[in-house]
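Novice: Generate coordinates for the sequence data below:
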Amino acid sequence: MLHTQKPTGLFRSIFRRIFRVGIPQVVIVIAAFLYAATTYSPGHDKERQWFFLFRTIVVIMALTLLGLWSVFFTGWNKRRTIPAIALLIGVGWILFRVEFDGDLRPSLHGRSWWLSRLGLAHEDDVDAHRQQTTGLPRRAVDLTPQSSDFPGYRGIDRTGVVDGPALSRDWNANPPRELWKQPTYGGYSAFAAVNGFLFTMEQRRDQEAVVCYDGANGNELWVHEWPGRFDESMGGVGPRSTPTVYDGDVFALGALGRLVCLEGATGKPKWVTETLEGNRNLRWAMSASPLVYGDYVVVNPGSQSPQSAGHALVAYDRRTGKKLVSSGKTQAGYSSPMLARLAGEEHLLLFDGGGLAGYDPITLQERWRHPWRTQGSDGINVAQPLVVEREQWPNPLLGFIAGVAALQPVVERKGQVFIASAYGRGGAMLQAERTADGWAVQEPWSTGRSVMRCKFASPVAYDGHIYGLDDGSLQCISMEDGTVKWTDKRDPAEGEGFGHGQILLTGDLIVVLTQFGEIAIVEARPDRFVELGRRKILKGSKTWNNPALADGILYIRNHLEMAAVDLRVK
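Specialist: Residues are numbered from 1 along each chain as shown. All right, here's what the predicted structure looks like:
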């Protein structure tokens, strides 16, 4: 007797065959199309991080669908397939970790626990180098202040503007001279430089460390360590803040909130305090550098828990570590407190997770606040506020007389501060003014969401214009209204665009430390972009640390290497 297959059974059989044979091809084709579309579609160069994130999600979803297909539609033995996939994922997770760069582009790295057992970890190379230099002559640390010092984060006043000798503009005739280079431990701390001695923070395996180096040769002079390790896949491993050197002492804030005061000559601790007691850390850890003035050491742990309300900004006695005064209930950001004079009065400025605020530098009471939040709830404000100066005579008549007489205009601080963030923001000029009722803040202009998106790097100002890294691309805008004068449109890559590096200003030159470990100099001019020179110094492609420039010598580091480069005219 002839049996025929029922229509429903036939359709079910065809459906199963399609899933068994066709689904992998469909998933791979769709994933490849979406991957290519986000690589070559318009706008990928302006919103790189979201395109890279979308591509990562596409790959993860494609692999997930292929895994589900292999379990349910191939006919393979589920008792073997499911454990095999779980084992593959588990072994991969144990042996490797995913890290992200500034554009949220992922990369795969071996975990240090097994690399160290095989002698392949980067820390092993650093340990070997340190052992080779053990026993070398060490000079005594002398922190007598010099006019060329770079005593903390972004210089003496955190503006990123450095006075000093003329730098070489022709790197063919007078190239930079590398004084020394050596491997270093992880972290995103920068150097403070005083009288030729360098201070930074490092992650030494499971210890946070404050280290003093000889700026002349890179020799380690002393180290102070304590147990602590911050590790996050997007931000990486290690301390973020930069030590501050003041009156012979070194003040440093660890990623987990420990604040220490060390004797600058020896590294011996004078006092220690935990700034995050009763509080929570940030997603990317404590990153602000201590601000020291008078008897105060000011840090901004923020208020990330109900118990920490009223202690978002704290001043400690710099000699004893005793808490003196505190205020604020806003979540911390990743910018550092700084002093600035606005409209004739001294302010402590803080760009925290909720916006820019001006505080009384003695009482730490908030005078005014301008809300400024990025996408999401993290409050990712990183760049330092930029206080701008205006050359202006009190009235047009005096200005005319001054022009005829060839007199110099009076420089007046007009209470204007420029702020900028990435993650869906941009830049804005703020105007702080004293009124009969206190202080008021206006926003004369803003750039919108696609201009001056300062993610990690702080901008600088020169001759009526602002220069900054717009999501990794160097850009110049007018200080008057924020109009774009030019943007370096090269793709961020070694030998091309700068990426998420850092910048300083000296004279009319912008000194750039690129994301790719290169140094470069660019003319600070509004009419066009002019790069005068570039050299590869540090290995790696995740150089986020700020450079330090003292007496024409550039001190740079990332999580792999550190170096000193003489940029002066020979």
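
Novice: and the gap between the closest residue to residue 189 other than its chain neighbours and residue 110?
Specialist: Of all residues not flanking residue 189 in the chain, residue 201 sits nearest, at 3.8 Å (C-beta to C-beta, 6 or more residues apart in numbering). For the C-beta atoms, the positions are set from N, CA and C on the backbone; glycine is no exception. Distance, residue 201 to residue 110, using C-beta to C-beta, to the nearest Å: 24 Å.

Novice: low-scoring stretches of the chain, by residue?
Specialist: Where the chain drops to pLDDT under 70, the residues are 1-22, 40-47, 73, 75, 377, 389-414.

Novice: Identify the residue nearest the geometric centre of the protein.
Specialist: residue 456 (3.7 Å; C-alpha atoms, centre = their mean).

Novice: so who does the residue lying closest to it once chain neighbours are set aside touch?
Specialist: Spatial nearest neighbour of residue 456, excluding adjacent residues (C-beta to C-beta, 6+ apart): residue 500 at 5.1 Å. Contact partners of residue 500, counting by C-beta atoms under 8 Å, 6 or more residues apart in numbering, are 101-103, 455-457, 469, 472, 492, 515, 544.

Novice: Can I get the helix or strand hosting residue 521 as PDB, trimmed to CA atoms?
Specialist: Using DSSP states H and E, residue 521 sits in strand 518-523. Presented in PDB, the C-alpha positions along strand 518-523 are these (Å, rounded to 0.1, in the frame of the first residue of the first chain):
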ATOM      1  CA  GLU A 518      53.100  59.800  19.000                       C
ATOM      2  CA  ILE A 519      54.000  63.400  19.700                       C
ATOM      3  CA  ALA A 520      53.200  66.100  17.300                       C
ATOM      4  CA  ILE A 521      53.200  69.900  17.100                       C
ATOM      5  CA  VAL A 522      50.500  72.000  15.400                       C
ATOM      6  CA  GLU A 523      50.300  75.700  14.900                       C
END
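
Novice: please begin residue numbering at 44 from this point
Specialist: Taking 44 as the first residue, the last one we looked at is strand 561-566.

Novice: Counting by contacts, list what that strand packs against.
Specialist: strand 552-556, strand 574-579 (3 or more C-beta pairs under 8 Å, 6 or more residues apart in numbering; DSSP states H and E).

Novice: which of those strands sits most buried?
Specialist: strand 552-556 (a mean of 23; mean count of other C-beta atoms under 10 Å).

Novice: and the angle from that strand to strand 574-579?
Specialist: For strand 552-556 against strand 574-579, the angle by axes from the mean of the first three to the mean of the last three C-alpha atoms, to 10 degrees is 20 degrees.

Novice: picking that back up, tell me the SS of the residue nearest to the centre of the chain?
Specialist: coil (DSSP: H, G, I helix; E, B strand; the rest coil).

Novice: Residue 71 now?
Specialist: Assigned with three-state DSSP, residue 71 falls in the helix class.

Novice: Identify the residue spatially nearest to it, adjacent ones excluded.
Specialist: That would be residue 105: by C-beta to C-beta, 6+ apart, it lies 7.1 Å from residue 71.

Novice: right, and the residue nearest to the centre of the chain touches residue 92 too?
Specialist: No: the pair residue 499 and residue 92 does not pass the contact test of C-beta atoms under 8 Å, sitting 11.9 Å apart.

Novice: before we move on, the earlier item: any chance of JSON lines for the helices and strands packed on strand 561-566, columns distance to residue 383?
Specialist: Listed next are the helices and strands packed on strand 561-566 as JSON lines, based on distance: least, C-beta to C-beta, whole Å:
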{"stretch": "strand 552-556", "distance to residue 383": "21"}
{"stretch": "strand 574-579", "distance to residue 383": "31"}
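
Novice: Between those strands, which one is closest to residue 286.
Specialist: strand 552-556 (18.3 Å; C-beta to C-beta).

Novice: Dump the C-alpha coordinates for the closest one into CSV.
Specialist: Once non-C-alpha atoms are left out, strand 552-556 reads as follows in CSV (Å, rounded to 0.1, in the frame of the first residue of the first chain):
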residue,chain,number,x,y,z
LEU,A,552,52.2,75.8,19.4
ILE,A,553,49.9,73.0,20.3
VAL,A,554,51.8,70.0,21.6
VAL,A,555,49.8,66.8,21.0
LEU,A,556,50.3,63.4,22.5
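
Novice: And for that strand, what's in contact with it?
Specialist: By C-beta under 8 Å, 6+ apart, strand 552-556 touches 210, 212, 503, 510, 517, 541, 544-548, 561-567, 575, 586, 588-590, 592, 597, 599, 610.

Novice: Partner strands of it and their direction?
Specialist: The pairing partners recorded for strand 552-556 under DSSP bridges are strand 545-549 (antiparallel), strand 561-566 (antiparallel).

Novice: how about those in TSV, adding mean neighbour count?
Specialist: Formatted as TSV, the strands paired with strand 552-556 follow (neighbours: other C-beta atoms under 10 Å):
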stretch	mean neighbour count
strand 545-549	23
strand 561-566	20
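
Novice: can you put these in CSV and add distance to residue 273?
Specialist: Below are these laid out as CSV (distance: least, C-beta to C-beta, whole Å):
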stretch, distance to residue 273
strand 545-549, 21
strand 561-566, 27
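
Novice: Of all those strands, which one is nearest residue 349?
Specialist: The minimum distance between residue 349 and the strands paired with strand 552-556 falls on strand 545-549, with 35.8 Å, by C-beta to C-beta.

Novice: Good, wrapping up.
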